[in-house]
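In: Just to be clear, the model below is a prediction. Sequence and coordinates:
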Amino acid sequence: MKRYQCTNYRRFITVMTVLFILAAAFGQIFFTKETNAADPVEIVTVSVKEGDSLWEIADRYDYNNMDLRKYIEIIQAYNNLENTVLQPGDTIYVPILRS
């Protein structure tokens, strides 16, 4: 059986780096857990009080510690809100995302 000897270390390091990057990208693409629309999601009904903001409500119910801006966008989309302005007495539905 013929043995190979590495004579060009720069090429070896480059090939190994490329292989590592490809393996990491493969892992990210195929082994990340994404939320599925069929996953059960708890919905909380929130009555807006004086001084409440969408930011505070999102922070109160963010159990995933996700980016609050993204969570606010999810709440806005779920409630068909065009902006983040809430009025006292409004009722909004907050999807609770748990992973």
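Out: That came through, no problem.
In: Where does pLDDT dip in the protein?
Out: 31-40, 99 (pLDDT under 70).
In: In contact with the nearest residue in space to Tyr61 that is not next to it in sequence, which residues?
Out: In space, and not counting its chain neighbours, Tyr61 is closest to Val94: 5.0 Å by C-beta to C-beta, 6 or more residues apart in numbering. (C-beta placed from N, C-alpha, C; glycine too.) Contacts for Val94 were tallied using C-beta atoms under 8 Å, 6 or more residues apart in numbering; they are Ile43, Val44, Thr45, Val46, Ile57, Ala58, Tyr61, Ile75, Tyr78.
In: What segments of the chain are helices?
Out: With helices called from DSSP state H, the chain shows them at 9-30, 54-61, 68-79.
In: Redo those helices as JSON lines? Include mean neighbour count and distance to Arg98.
Out: Supplementary listing: the helices of the chain in JSON lines, determined by neighbours: other C-beta atoms under 10 Å; distance: least, C-beta to C-beta, whole Å:
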{"stretch": "helix 9-30", "mean neighbour count": "10", "distance to Arg98": "22"}
{"stretch": "helix 54-61", "mean neighbour count": "16", "distance to Arg98": "10"}
{"stretch": "helix 68-79", "mean neighbour count": "15", "distance to Arg98": "13"}
